[in-house]
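> With the input below, show me the fold.
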Amino acid sequence: MSDRIRFNLILWPSVAVFAIGAFCFCFFMKSDYSMVGWMNALFYGGGIVFLSGCLWLVARFGAFNMIVYGVRDLFWHMNPRANKKEKKYEDYTDYVTQKREERKRKHYDFFWPFLAFGGALIVASLVLYLVYSAQIAG
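Below is the predicted model of the structure:
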């Protein structure tokens, strides 16, 4: 089994559990068991899942490279045995270059489950909104 298939077999159920957890958190914390409560919980849960995927996408593009390198370098300098082993990256420029090359080899499959589950929750919320507005109007 390839690493990509294994990654997807772990990621899809993990995001599904995260989506269910986000919905349950929003639903039960608000304690509004009416249709409006369902709509809000579905919409907020979908937004949380979708925006989590967007945050992972932004991180994958390298927006947090400076922070990650700084923390890694800080811990390397704080290690008393650091002199015995070599640094993995020479400096920040080397870190960015190696990460850029690593990103070229990787795919962006990780975003699909966030888009699917977050979008499904938001669409379900919109369907409930249409039903609710039809009930109010009629």
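> name the element I20 belongs to?
Assigned by DSSP states H and E, I20 falls within helix 3-30.
> What are the buried residues along that helix?
8, 15, 18-19, 22-23, 26-27 (16 or more other C-beta atoms under 10 Å). C-beta here means a position set from N, CA and C on the backbone, and glycine is covered the same way.
> Then stretch 49-58?
Counting neighbours by 16+ other C-beta under 10 Å, the buried set in stretch 49-58 is 49-50, 52-53.
> Closest to L121 out of the residues you listed?
Closest approach to L121 among the buried residues of stretch 49-58 (C-beta to C-beta): V49, at 6.5 Å.
> was I right about that closest one contacting V17?
No: the pair V49 / V17 is not scored as a contact, 10.8 Å apart, by C-beta atoms under 8 Å.
> Can you list the low-confidence ranges for the protein?
Along the chain, segments meeting pLDDT under 70 span 82-84.
> that older thread, and after the helix holding I20, which helix or strand comes next?
Next helix or strand after helix 3-30 toward the C-terminus (DSSP H and E): helix 35-60.
> other SSEs contacting that next one?
For helix 35-60, the packing partners by 3 or more C-beta pairs under 8 Å, 6 or more residues apart in numbering; DSSP states H and E come out as helix 3-30, helix 111-137.
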